[in-house]
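Peer 1: Provide a 3D model corresponding to the input given below.
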Amino acid sequence: MISEALLVLLALAASFVPVLAGRRLLRGWTWAIGVVLVAAFATGVTVWHSATARRAHEEEFRRENLPRPRTQGGYVSSDKCRSCHPSEYASWHRTFHRTMTQHATPESVVGDFSGVTLPSSDGDFYLERRDDEYWAAILVELKPGGGPLRDRILPEAWRQILMTTGSHQTQIYWGAGNSPNELVILPFAYLILERRWVPLRDAFLKYPEKVDDHGTLWNLHCIQCHATGGQPRPAEVPGEMDTRVGELGIACEACHGPGEEHVRVNSDPTRRYGYHLAAERDPTIVNPARESSRSSSQICGQCHGIFYIIDADRFRERGFRYRPGDDLEQIKPTIRPREPEWRGTVAHLMEDDPTFLLNQFWSDGAVRVSGREYSGMIESGCYQRGELSCLSCHSMHSSEPVDQLATGMEADEACLQCHERFRGRIEEHTHHRESSSGSRCYNCHMPHTVYGLLKAHRSHLIASPTVRESTETGRPNACNVCHLDESLGWTQQHLAEWYGTPEVALGSDETNVAASLLWLLKGDAGQRALAAWAMGWKPARAASGDEWLPPFLARVLDDPYAAVRFVAGRSLRSLSGFAAVSYDHLAAPEDRLGVQKRVLDLWKRSGVAGRSAVLITAEGTLDEPTIGRLLTERDDTQLDLRE
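Peer 2: Modelled structure (predicted):
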């Protein structure tokens, strides 16, 4: 593309030719050069006009098909914040909050669109990039004849990819729907670290027989949390949308509130610098750091919680009424199945969706899916009886993008800032060496019992480990998440001895078999995924040894759930001697079983010593009768964990 600057240079060069010729500084070839320059200038003008027209068409297309800027509500976008708050803007700009939802551009798209074909049981797709645009076509029907595949695709099969969701671990894509402003999901996700496409359903923990709705609209679902100031706004014409947003992604005004009035009044430098020097806060904007612990946490909770929409019709027309500083519970109440007063509301929700609780909570009401940290935290004693807030440990502006832990909060200080009495006596409290992972506060009180994004996450229900939580709810406890080679009986004995934790009745397997194997072999799909992840977690492998793990991870390489297979394969390859194992969790069943056999054969040659709790006999062979029995007892409850 020829830029405007280059056109100006060509024009200037062409204009000097007759001047130079008139001064007889050039000879006969002067006119030839002049003709070339003038022709180049004319061509450049034509190209420039064509490019300008194309850009105008693209902008018009985007205005027609992407969410439109809100004209009411006071949103001004983050760019307005930059001039007065450059450092805050820069630190926010680095975050994955900003890039949660973006226009599909070469800067935002990370997936491979280089003419790839993606096979699917619902129909293959073809993806390609055209200059700065991205396109997808479903290959249900092709033009007859030979030639390149893209040339045989029917025009009506193409959809332009307009928007992306995610930029850290997984990226999902949205294309133009059947009507203006409607955004439908591409039924594939791109795993960023693995650099591969997978069917969308396989990027989540969904039971194999679940019928997918590839017609999911961004306008009605993801807009709730993946945009700032979103309004779905069904259009007057049935089936069409007139969706508006303050800004795509989680932007400044998501946390600070609409900024129009703030920008207007602070155009006066006297007022602006007066508030910089004053102790009181500017009433035209919300600063979460100056809010109460409850109010600041609710700002995060508007997205990081499992909430109940009181007025669905109002939400569809005008979006959520909540603004930072409001009482979230009066507008978007957090669903709390641990609280008796919520039982009536949950019962109503269960009428519409009987799996509502099952796919988001453990049976005692603890959250089991990622992205819902607020729902976990508010059930914690540190929040209910103290001043714990999200900002106690996290920061948007003074942190690294991954986890966004505030400076100095990466280790025990996050807890010791309140629990000062344990400072200097960590080992006495934990009964583990102070330098070990067993003495890290969060490993015991915030264990990895939450699933999402194809891995385990820390629970934000801050509590002390018990065996009861595992026997009554199935939720792994902190001790056995780390001590993978020990049984629930072993854990119960130590907790009773060290802390006086009440004991519960245990069965034979719970007393004699490593808890991690019970979760991996006979647990539900969520438990199996968490156990498989823990077997690749370095602190757990250091505490438990890892030479005995391969044959058990091999057992779930053919799990019915693609997500469980993926996690197991990743953990297996993290073990010494198995990094080179070639395994595709989406391969045909016979291929997966072939890998399983090779892993078992490779492990048998390693000569691992017998360990009864991990079902290895004194002769170093697997206790196949017990393993087989546990597999037949597997919990095949159909799960669709809604992370």
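Peer 1: end-to-end on stretch 441-452?
Peer 2: 22 Å (Cα to Cα, to the nearest Å).
Peer 1: residue 80 is in contact with residue 259, correct?
Peer 2: Yes: counting by Cβ atoms under 8 Å, residue 259 does reach residue 80; the two are 6.2 Å apart. From N, CA and C alone the C-beta is placed, and that goes for glycine too.
Peer 1: these two: who's more crowded?
Peer 2: residue 259 (23 against 17; other Cβ atoms under 10 Å).
Peer 1: now do that one, the pLDDT please.
Peer 2: Residue-level confidence at residue 259 comes out at 97, pLDDT.
Peer 1: give me phi/psi at it?
Peer 2: phi -110, psi 10 (degrees, to the nearest 10).
Peer 1: residue numbering should commence at 321 henceforth.
Peer 2: Yep, numbering from 321; the last one is residue 579 now.
Peer 1: which residues touch it?
Peer 2: 394, 395, 396, 400, 401, 572, 573, 605 (Cβ atoms under 8 Å, 6 or more residues apart in numbering).
Peer 1: pLDDT score for residue 465?
Peer 2: 87.
Peer 1: quick check: closest non-adjacent residue to residue 623.
Peer 2: Spatial nearest neighbour of residue 623, excluding adjacent residues (Cβ to Cβ, 6 or more residues apart in numbering): residue 545 at 3.9 Å.
Peer 1: same question for residue 943.
Peer 2: Here the residue nearest residue 943, using Cβ to Cβ, 6+ apart, is residue 935, at 4.1 Å.
Peer 1: what's the burial count for that neighbour?
Peer 2: 23.
Peer 1: does it touch residue 948 like I think?
Peer 2: No: Residue 935 lies out of contact with residue 948 (Cβ under 8 Å); the separation is 10.5 Å.
Peer 1: distance of residue 596 from residue 577?
Peer 2: 19 Å (Cβ to Cβ, to the nearest Å).
Peer 1: more crowded one of the two?
Peer 2: residue 577 (22 against 9).
Peer 1: can I see the domain layout of this protein?
Peer 2: Per the record, the chain has its domains at 324-385, 416-538, 804-963, by automatic domain parsing.
Peer 1: could I get the ones you listed in JSON lines, plus columns for distance to residue 615?
Peer 2: What follows is the domains of the chain, written out as JSON lines (distance: least, Cβ to Cβ, whole Å):
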{"stretch": "domain 324-385", "distance to residue 615": "37"}
{"stretch": "domain 416-538", "distance to residue 615": "19"}
{"stretch": "domain 804-963", "distance to residue 615": "26"}
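Peer 1: highest average neighbour count across these?
Peer 2: Comparing the domains of the chain by mean neighbour count (mean count of other Cβ atoms under 10 Å), domain 804-963 ranks first with a mean of 18.
Peer 1: quick check: end-to-end length of it?
Peer 2: End-to-end distance for domain 804-963, by Cα to Cα: 25 Å.
Peer 1: cool, stretch 571-583 as well?
Peer 2: Rule used - Cα to Cα; the end-to-end distance of stretch 571-583 is 16 Å.
Peer 1: where in this structure is pLDDT low?
Peer 2: For the chain, the stretches flagged by pLDDT under 70 are 321-379, 381-382, 533-535.
Peer 1: now the spatially most central residue of the chain: how far from residue 847?
Peer 2: Nearest to the mean C-alpha position of the chain, counting by Cα atoms, centre = their mean, stands residue 773 at 5.8 Å. As judged by Cβ to Cβ, residue 773 and residue 847 stand 17 Å apart.
Peer 1: cool, residue 481 as well?
Peer 2: 36 Å.
Peer 1: can you show me the strands along this protein?
Peer 2: For the chain, applying DSSP state E gives strands covering 388-389, 421-423, 434-438, 445-450, 453-458, 478-485, 490-496, 503-511, 516-519, 547-548, 564-565, 567-568, 768-772, 775-778.
Peer 1: related to what we said a few turns ago, next one: the residue nearest to the centre of the chain relative to residue 870, how far apart?
Peer 2: In terms of Cβ to Cβ, residue 773 sits 25 Å off from residue 870.
Peer 1: and what of residue 669?
Peer 2: As for residue 669, its distance to residue 870 is 43 Å (criterion: Cβ to Cβ).
Peer 1: go on, residue 950?
Peer 2: Residue 950 is 17 Å from residue 870, by Cβ to Cβ.
Peer 1: and if you look at residue 428?
Peer 2: 39 Å.
Peer 1: residues of stretch 704-723 that come out buried?
Peer 2: 708, 709, 710, 711, 712, 713, 714, 715, 716, 717, 719 (16 or more other Cβ atoms under 10 Å).
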